[in-house]
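**Student:** give me coordinates for this.
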Amino acid sequence: MAFEIIRNDITLVSADAIVNSANPEVFVGRGVDRAIYDAAGPQELRDARRKIGPLMPGEAAVTPAFGLDAKYIIHTVGPVWRDGKAKEAELLADCYRNSLALAKELGCESIAFPLISTGTYRFPKDLALHVAVSEIRAFLDENEMDVTMVVHDDRTFEISQSVVSDIRECILAADLDLGEARYSLRDSLEEEDLSEDLCFEKAAPAANIAPAANIAPVPEAVSVKESGSLEEMLRKKEETFQEHMFRLIDRKGLEDTEVYKKANIDRKLFSKIRSNPDYNPSKKTAVALAVGMGLNLDETKDLLLRAGIALSRSSIFDIIIEYCLENGITDIFEINNILFKFEQPILGG
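**Tutor:** The predicted model follows:
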């Protein structure tokens, strides 16, 4: 996945590089900094950090990861929030930009960030998230890397209260419990739609009763060749998901790179889809591709049906997707923020 958001302790995340929201001087602070030192090995990490020396806000430097499940720790110093007029947003953007550039230089394929400066440095979480997503998006437009944002609570995602209220009304109108129907983010990554098997009991043999005079007996079997209906239907078989998707891409004049990046889809997965005519996506991957192509709600429903997928008013995930497409919310990062707020799996793959 190109970009994902998870709730977790960053010291438990596996990635090539873990980003530490570090202190400018060589001493262990609180929050993420303290947690990373404790998990990596305080003495070893402190000795490595001394070799770097002081860091200015926005700068980034690297040490080994020691006890973490990573190759490197990238240390970056976020700005202290004052009033928003001291170039705090620019300095925070530098933290993400320089950390990503350093990870690329080190050959990293994955990196995990905390939401920098939102703890003891009091940077407003909604603005910090906007800065982070903007820089990550700009980087992923030109580069291939798995980027994970690790957060602890819902308060990080301050989306419009009118959007939250509207979606809550839709969910309640569908008679769904907001406290239920929640997905596990990890378990849902490879989620596929499952249909319930319908079982029918075989009827008992009929008794030897003559049919009523006004009721014609039913023939034992109807020849497909005689009716011709099945053959006709097969001749009129519509495009598969894969065929239809790539025809839409061509018709809209889109490039593959543009689509899979806007869909938050990994390049390797997109290549697999292109090379496999029988590819059958999960719902979240199919929806992500529809968003990546800029499809409206009707076009999205048509594309999903070609993969045997439907949007249902009995699913919180589906209600949110339908709401977003109906209301012109087509940026996948914004859609994912809303999905994450309601504890649903985010789009991409």
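
**Student:** and stretch 34-47, how far from the chain's centre?
**Tutor:** 31 Å (Cα atoms, centre = their mean, to the nearest Å).

**Student:** measure it end to end?
**Tutor:** Stretch 34-47 has an end-to-end distance of 15 Å (Cα to Cα, to the nearest Å).

**Student:** need the contact partners of that stretch.
**Tutor:** Contacts of stretch 34-47 with the rest of the structure, by Cβ atoms under 8 Å, 6 or more residues apart in numbering, involve 9-11, 18, 20, 26, 28, 63-68, 73. All C-beta spots, glycine's among them, are computed from the backbone N, C-alpha and C.

**Student:** hmm, K272 is touching D278, no?
**Tutor:** No: taking contacts as Cβ atoms under 8 Å, K272 lies outside contact range of D278: 11.4 Å.

**Student:** shared neighbours of these two, which are they?
**Tutor:** Both K272 and D278 lack any common contact, where contact means Cβ under 8 Å, 6+ apart.

**Student:** could you chop the protein up by domain?
**Tutor:** 3-158, 238-341 (automatic domain parsing).

**Student:** helices along this protein, start to end?
**Tutor:** Under the criterion DSSP state H, the chain contains helices at 32-40, 42-52, 88-105, 125-142, 161-173, 224-227, 229-235, 241-251, 256-262, 267-275, 283-292, 297-305, 316-326, 332-341.

**Student:** just the CA atoms of the fourth one, as CSV, please.
**Tutor:** Looking back up the chat, that one is helix 125-142. Taking C-alpha atoms only, helix 125-142 is exported to CSV below (Å, rounded to 0.1, in the frame of the first residue of the first chain):
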residue,chain,number,x,y,z
LYS,A,125,-3.6,18.2,15.1
ASP,A,126,-5.9,19.1,12.1
LEU,A,127,-3.3,21.5,10.7
ALA,A,128,-0.4,19.0,11.4
LEU,A,129,-2.3,16.3,9.5
HIS,A,130,-2.9,18.6,6.6
VAL,A,131,0.8,19.4,6.3
ALA,A,132,1.8,15.7,6.7
VAL,A,133,-0.6,14.5,4.0
SER,A,134,0.3,17.3,1.6
GLU,A,135,4.0,16.4,1.9
ILE,A,136,3.5,12.6,1.7
ARG,A,137,1.2,13.1,-1.3
ALA,A,138,3.8,15.2,-3.1
PHE,A,139,6.5,12.6,-2.4
LEU,A,140,4.4,9.7,-3.6
ASP,A,141,3.5,11.5,-6.8
GLU,A,142,7.1,11.1,-7.8
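
**Student:** mind listing what's buried along it?
**Tutor:** Burial within helix 125-142, assessed by neighbour count using 16 or more other Cβ atoms under 10 Å, is assigned to 125, 127-129, 131-133, 135-137, 139-140.

**Student:** which among these gets closest to I167?
**Tutor:** L129 (18.7 Å; Cβ to Cβ).

**Student:** how far off centre is stretch 8-15?
**Tutor:** In terms of Cα atoms, centre = their mean, the centre of stretch 8-15 is found 17 Å from the chain centre.

**Student:** contacts for that stretch?
**Tutor:** Against stretch 8-15 from outside (Cβ under 8 Å, 6+ apart): 6, 18, 32, 35-36, 38-40, 68-70, 108, 110-112, 114, 146, 148, 150.

**Student:** could you work out the end-to-end span of it for me?
**Tutor:** Taking Cα to Cα as the criterion, the two ends of stretch 8-15 lie 13 Å apart.

**Student:** give me the buried positions along that stretch.
**Tutor:** Buried residues in stretch 8-15, counted by 16+ other Cβ under 10 Å: 10-11, 13, 15.

**Student:** so where is the stretch 151-300 of the chain shaky, pLDDT-wise?
**Tutor:** 153-161, 177-228, 230-237 (pLDDT under 70).

**Student:** circling back to that earlier point, of K272 and D278, who's got more company?
**Tutor:** Per other Cβ atoms under 10 Å, whichever of K272 and D278 has more neighbours is K272, with 11 against 7.
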